[in-house]
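J.: mind folding the following:
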Amino acid sequence: MHKLLLIFSTLILLGGCSDAPSKRYNEYQYRLGKYLPIEQQSLVRLSPWRGFDSEPLPPSQSISLLALADINHCRLASHIAAHNNQLGKLASASERFKYHIRFIQLVDPCLEHNQSTDLSAELRSALQTEKRFKIAHAKLAFNLMLSREPELNRLFTLAAVELDFNEQAGRAQSAEALTLLADMAKAIAEGNWHAIDVNTLTPALAKLNGNDYVRKLLTSARKQIALNNQLTSQLEQVSLTAEICPPGRHSDAASILHNIFNLFFIKELQGYQGQLSGALEEFTPLLTQVWQFSGKNEDGEDIEAKRAIVGTQEQANLLAQLKASSRNHVRWWQGFYAQCDISPV
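T.: So this is what the prediction gives:
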């Protein structure tokens with residue numbers, strides 16, 4: 001009778017499931033804790049990651065008003081003038097990055113213009129020198145944008161809520177924006193300056209404005225990894241022979257544990273973790289490419305957020321950690337079924 005009541009009450013809970021995934025996991029562990037010598041709840045407190053930072057751009061040479069008059073026939077002249085006015089001085093990091101790239105793109109067409117034949121050697125040299133300076137510091141300008149624009153620097157902060165079961169809101173917009181930024185980073189790495197369309201940058205940032213999908217994804221993955229690892233670690237200390245499945249004896253507790261595992265982990269949490277893994281498989285390459293030039297600490301080592309996304313020899317990335325923690329948890333249950341000699345289906 002007790003076994004039937006447990007199954008019935010569990011089904012009632014599942015029928016009205018609206019709790020956050022971590023709360024469902026806590027309920028899963030609570031139910032297991034009624035029959036196993038483990039803690040009935042794991043407290044997960046995630047530590048905030050250190051934010052990506054960037055050193056400021058070194059000062060570059062200024063182009064005089066007189067020099068601008070000499071290249072007034074070039075689009076480069078209006079580009080420099082707009083940047084030099086008061087609005088340009090107060091420009092956001094993304095606008096400064098756009099100016100940086102457009103300068104690189106516009107110098108050669110200006111110097112090759114049919115009205116530029118009379119430009120002084122000094123002005124030609126100044127423009128070429130400034131172009132080389134901006135090429136040398138393009139990665140830094142990109143990093144500065146990543147660290148200063150709120151739509152980007154908040155992606156690695158902890159989200160207040162988790163991704164819900166099957167939640168997709170904001171995913172497509174996030175992928176579109178990060179794909180564009182990843183393509184820009186790739187073009188910078190390859191020196192393919194004319195492959196960058198800076199006019200697409202502001203619309204991309206707009207897609208990330210108020211969009212918490214990536215934050216919630218990273219926070220949710222970290223929570224599920226911690227919950228898997230904490231519970232599996234406790235289960236591995238349980239002696240199934242002594243506690244649940246004595247040799248030669250039927251165990252009602254084993255059947256109840258089997259039902260708990262199926263109703264909570266197999267039917268809910270495993271699918272949710274698969275949902276997170278699928279999203280991480282899409283976003284991990286994008287985040288890795290976008291932040292490829294940044295994420296070092298004072299000792300030249302990757303900061304924790306970078307290690308979590310890219311992974312190192314010592315630390316797997318979040319995607320690999322999530323898959324491994326899920327596999328390890330299921331492996332314990334495989335041992336449970338073998339030891340207790342019951343079918344998993």
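
J.: secondary structure element holding the residue of the chain positioned farthest from its centre?
T.: Here the chain reaches farthest from its C-alpha mean at residue 118, the gap being 51.4 Å by C-alpha atoms, centre = their mean. Assigned by DSSP states H and E, residue 118 falls within no helix or strand.

J.: touching, residue 311 and residue 317? I think so.
T.: Yes - under the criterion of C-beta atoms under 8 Å, residue 311 makes contact with residue 317 at 3.4 Å. To be clear about C-beta, it is placed using only N, CA and C from the backbone, and glycine gets the same treatment.

J.: picking that back up, report pLDDT for the residue farthest from the centre of the chain.
T.: Note for residue 118: predicted pLDDT of 90.

J.: residue 269 now?
T.: So, for residue 269, pLDDT stands at 98.

J.: same question, residue 15
T.: We have a pLDDT of 44 for residue 15.

J.: could you find the closest non-adjacent residue to residue 33?
T.: Closest residue to residue 33 in three dimensions, ignoring its sequence neighbours and counting by C-beta to C-beta, 6 or more residues apart in numbering: residue 40, at 3.4 Å.

J.: what pLDDT is listed against the one you found?
T.: Looking at residue 40, its pLDDT is 87.

J.: from residue 307, how far off is it?
T.: Residue 40 is 32 Å from residue 307, where distance means C-beta to C-beta, to the nearest Å.

J.: over to residue 172?
T.: As judged by C-beta to C-beta, residue 172 and residue 307 stand 28 Å apart.

J.: verify the stated contact: residue 157 with residue 50.
T.: No - judged on C-beta under 8 Å, residue 157 makes no contact with residue 50 at a distance of 10.5 Å.

J.: so residue 231 sits right up against residue 42, yeah?
T.: Yes - using C-beta under 8 Å, residue 231 makes contact with residue 42 at a distance of 6.3 Å.

J.: ok, those two, which is more surrounded?
T.: Comparing residue 231 with residue 42 by other C-beta atoms under 10 Å, the one with more neighbours is residue 231, at 23 against 19.

J.: what's the helix or strand for that one?
T.: With DSSP H and E as the criterion, residue 231 is inside helix 213-235.

J.: now residue 258. Nearest residue, chain neighbours left out?
T.: Nearest residue to residue 258 in three dimensions, chain neighbours excluded: residue 342, at 6.1 Å (C-beta to C-beta, 6+ apart).

J.: and residue 22, by the same measure?
T.: Distances taken as C-beta to C-beta, 6+ apart place residue 223 nearest to residue 22, at 5.2 Å, with adjacent residues excluded.

J.: which residues are in contact with stretch 282-299?
T.: Residues from elsewhere that reach stretch 282-299 (C-beta atoms under 8 Å, 6 or more residues apart in numbering): 50, 52-54, 139-140, 142-143, 146-147, 155, 174-175, 178-179, 181-182, 185-186, 188-189, 214, 217, 302-303, 305-306, 309-310, 317-319.

J.: report the buried residues of that stretch.
T.: 283, 284, 286, 287, 288, 289, 290, 291, 292, 293, 294, 295 (16 or more other C-beta atoms under 10 Å).

J.: and what of stretch 130-140?
T.: 130, 131, 133, 134, 135, 137, 138, 139, 140.

J.: next, give phi and psi for residue 302.
T.: When read as degrees, to the nearest 10, the backbone of residue 302 gives phi -60, psi 140.

J.: thinking residue 305 is in contact with residue 156, fair?
T.: Yes - under the criterion of C-beta under 8 Å, residue 305 makes contact with residue 156 at 4.6 Å.

J.: which neighbours do those two share?
T.: 49, 51, 52.

J.: tell me which residues touch the first one, please.
T.: So the one you mean is residue 49. Applying C-beta under 8 Å, 6+ apart, the residues near residue 49 are 156, 157, 303, 304, 305, 308.

J.: identify the residue spatially nearest to it, adjacent ones excluded.
T.: In space, and not counting its chain neighbours, residue 49 is closest to residue 305: 4.0 Å by C-beta to C-beta, 6+ apart.

J.: swap in residue 84?
T.: Leaving aside its sequence neighbours, residue 84 sits nearest to residue 62 (C-beta to C-beta, 6+ apart; 7.5 Å).

J.: closest one of the buried residues of stretch 130-140 to residue 330?
T.: residue 139 (42.4 Å; C-beta to C-beta).
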